[in-house]
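[1] give me a model of this one.
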Amino acid sequence: MIRICLLFLVCLSCAHSKAVTESMSFSTVCHSGCDFVELPEAIQATRPRGTIFIKAEEFNTCGLIDKPLKIIGESIQGRRPHLKSVSCSGKGALIIAADDVEISNLEISDINVQDKNGACIRVLKQANRVRLRNVYCHDSQNGILARFGEGLLAVEDSVFERCGFGARAHGSYINTLGDVVLKNVGFLSSKGQGHSLKVSARSVLIEDSMIAALDGHNSRGVDLFGGGKLIIRNSIIQQGPNSENTDMIALAMEPSRQQKGEHSVLLENNWIIFDNKKRLLFFNKGKLFNGRKLGSIIVRNNKIIGMSKVNVDGVDFEGNEVYSTRADAGLVAYDGTLNSIPIRK
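    I've put the predicted structure just below:
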């Protein structure tokens, strides 16, 4: 009887502990005066679909998000919480392994792990609906590293800068059977021969955004490695003098990972700029595409500088203004910074 009572008390204690662990719908994180000092403790204590608020301080911490949550950083006078230099499980600063996760107002940097494939934000197969807002990720191996099934990854008002490593990590690397929406997002100065954006999805929409190599050592602006539907509009795509490849956008160059649905490309109302280094042969400069044409490709109403050829047959090329040089297009000389990138339309 005593043993049974003890067992009952232990089980009751475990149940109470679990209830306490996930009892909070709203929790705060900061170095002093908040509910928690460490992000993992806050994640554990906050109930599903709750909110974690992080003060605008610097943290050497990371988090595995295994339930639906909102993680909101304080935004005050241009400052945000800054997660720095620490990865969970050698994977990333924030690992998302649940549906319905929203993250906003965070800076993340220096996520460089032993296998050379770390990420500011890593999205696992369990996560099919993820939204990111006002995230600044920089100086890491990957910005976003996402591999998930059908679902949605939506990113807005965010910047991924100086990310990439060893031609295997990229400004961001996204592989999904679902949909990707990028609005007012910058992929800047990607390094280590990484693509500015490597992506394969059922559909990819890029609007009001900037994909600019600047003086970074990137590979391509966009590598649409498995095909799918791609729309880029009202944006800027730029290859710089240190870009490894002379083509801007790669199409379905990995047949073993080809998307099963429809394929199409629409480039509309963009600035497309090749700031090439001087090459011996002009035809080695400024190729708009490389790869396989799997569906319709429409390129219309863009301003294009420094392109030598479209490089794929059967492209509907209409209403574009094509210039040999920046001066011809009325732009200032390239100086390696955003000062020489035109304002988006």
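
[2] tell me where the stretch 1-150 of the chain has helices.
    Along the stretch 1-150 of the chain, counting by DSSP state H, counting those that start in this stretch, helices occupy 2-21, 39-45.

[3] also the stretch 201-345 of the chain?
    Remark: no helices are assigned in the stretch 201-345 of the chain by DSSP H, counting those that start in this stretch.

[4] show me what Asp316 is bridged to.
    Per DSSP bridges, the residues bridged to Asp316 are Ile298.

[5] go through the helices of the stretch 1-150 of the chain and find the least confident stretch.
    Averaged per stretch, pLDDT over the helices of the stretch 1-150 of the chain is lowest on helix 2-21, reaching a mean of 42.

[6] wait, Lys116 sits on Ala169?
    Yes: using CB atoms under 8 Å, Lys116 is in contact with Ala169, at 6.4 Å. Any C-beta I mention is one placed from the backbone N, CA and C, and that applies to glycine too.

[7] looking at these two, which one has more neighbours?
    Counted by other CB atoms under 10 Å, Lys116 and Ala169 do not tie: Ala169 has more neighbours, with 29 against 13.

[8] confidence score at the closest residue to that one other than its chain neighbours?
    Nearest residue to Ala169, sequence neighbours excluded (CB to CB, 6 or more residues apart in numbering): Gln141, at 4.0 Å. The model reports Gln141 with a pLDDT of 97.

[9] look at Ala97 and say how many residues are nearby.
    Neighbourhood size, Ala97 [other CB under 10 Å]: 16.

[10] ok, now which ones touch it?
    By CB atoms under 8 Å, 6 or more residues apart in numbering, the contact set of Ala97 is Leu64, Ile65, Asp66, Leu124, Gln126, Ala127.

[11] try it again at 10 Å.
    Ala97 makes contact with Leu64, Ile65, Asp66, Lys67, Arg122, Val123, Leu124, Lys125, Gln126, Ala127, Phe148, according to CB atoms under 10 Å, 6 or more residues apart in numbering.

[12] ok, now Phe317?
    Contacts for Phe317 were tallied using CB under 10 Å, 6+ apart; they are Leu267, Leu288, Ile297, Ile298, Val299, Arg300, Asn302, Ile304, Val310.

[13] just the buried ones from these?
    Those of the contacts of Phe317 that meet the buried threshold are Leu267, Leu288, Ile297, Val299, Asn302, Ile304, Val310, by 16 or more other CB atoms under 10 Å.

[14] adding pLDDT and distance to Leu230, write the residues you listed out as JSON lines.
    What follows is the buried ones among the contacts of Phe317, written out as JSON lines (pLDDT from 0 to 100; distance: CB to CB, whole Å):
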{"residue": "Leu267", "pLDDT": "98", "distance to Leu230": "8"}
{"residue": "Leu288", "pLDDT": "97", "distance to Leu230": "13"}
{"residue": "Ile297", "pLDDT": "98", "distance to Leu230": "9"}
{"residue": "Val299", "pLDDT": "98", "distance to Leu230": "12"}
{"residue": "Asn302", "pLDDT": "98", "distance to Leu230": "14"}
{"residue": "Ile304", "pLDDT": "97", "distance to Leu230": "17"}
{"residue": "Val310", "pLDDT": "96", "distance to Leu230": "15"}
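
[15] much appreciated, bye for now.
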